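Engineer: A structural model of the following input is requested.
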Amino acid sequence: MIDVALLSVIRRWWLRDGLAIREICRRSGLSRNTIRKYLKNQVVEPKYSTPRRASKLDAFEDKLRHWLESEPRKSRKQRRNLR
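Structural biologist: Numbers count the residues shown, from 1 in each chain. Prediction:
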């Protein structure tokens, strides 16, 4: 999957820095055909969308949010550690 930031980097390497497609392939780890496709079509962002998936932490979201908001106000010894 290619994100928008990588697409902008590919375009910058090609247009501004004048790198060859093979060098872009080495740096990005993508195939030459993929690089050519994105440069030829002038694609700014991919057409796929990531579906929203349920997380295991969704059930605890309110409690975690409350902890994240309240912990910085506590003194150092009263804060919870990372465990």
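
Engineer: secondary structure element for Arg36, which one?
Structural biologist: For Arg36, the host element (DSSP states H and E) is helix 32-41.

Engineer: between the longest helix seen in the chain and helix 32-41, how many degrees?
Structural biologist: If you go by DSSP state H, the chain has its longest helix at helix 4-15. Counting by axes from the mean of the first three to the mean of the last three CA atoms, to 10 degrees, helix 4-15 lies at 80 degrees to helix 32-41.

Engineer: just checking, what packs against helix 4-15?
Structural biologist: Identification of packing neighbours for helix 4-15 by 3 or more CB pairs under 8 Å, 6 or more residues apart in numbering; DSSP states H and E yields helix 21-28, helix 32-41. C-beta coordinates here come from the backbone N, C-alpha and C atoms, glycine included.

Engineer: and the helix holding Arg36, what's buried?
Structural biologist: Neighbour counts over helix 32-41 (16 or more other CB atoms under 10 Å) mark 35, 38-39 as buried.

Engineer: from those, which single one is nearest Arg53?
Structural biologist: Tyr38 (26.4 Å; CB to CB).

Engineer: what's the pLDDT at that closest one?
Structural biologist: At Tyr38, the model reports a pLDDT of 84.

Engineer: could you do Ile2 as well?
Structural biologist: Note on Ile2: pLDDT of 62.

Engineer: if I look at Leu68, how far off is Ala5?
Structural biologist: Here the criterion is CB to CB, to the nearest Å. By it, Leu68 lies 26 Å from Ala5.

Engineer: ok, now Ser75?
Structural biologist: Taking CB to CB, one finds Ser75 at 39 Å from Ala5.

Engineer: let me have the helices and strands packed on helix 4-15 in a markdown table, extended by distance to Trp14.
Structural biologist: Formatted as a markdown table, the helices and strands packed on helix 4-15 follow (distance: least, CB to CB, whole Å):
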| stretch | distance to Trp14 |
| --- | --- |
| helix 21-28 | 6 |
| helix 32-41 | 6 |
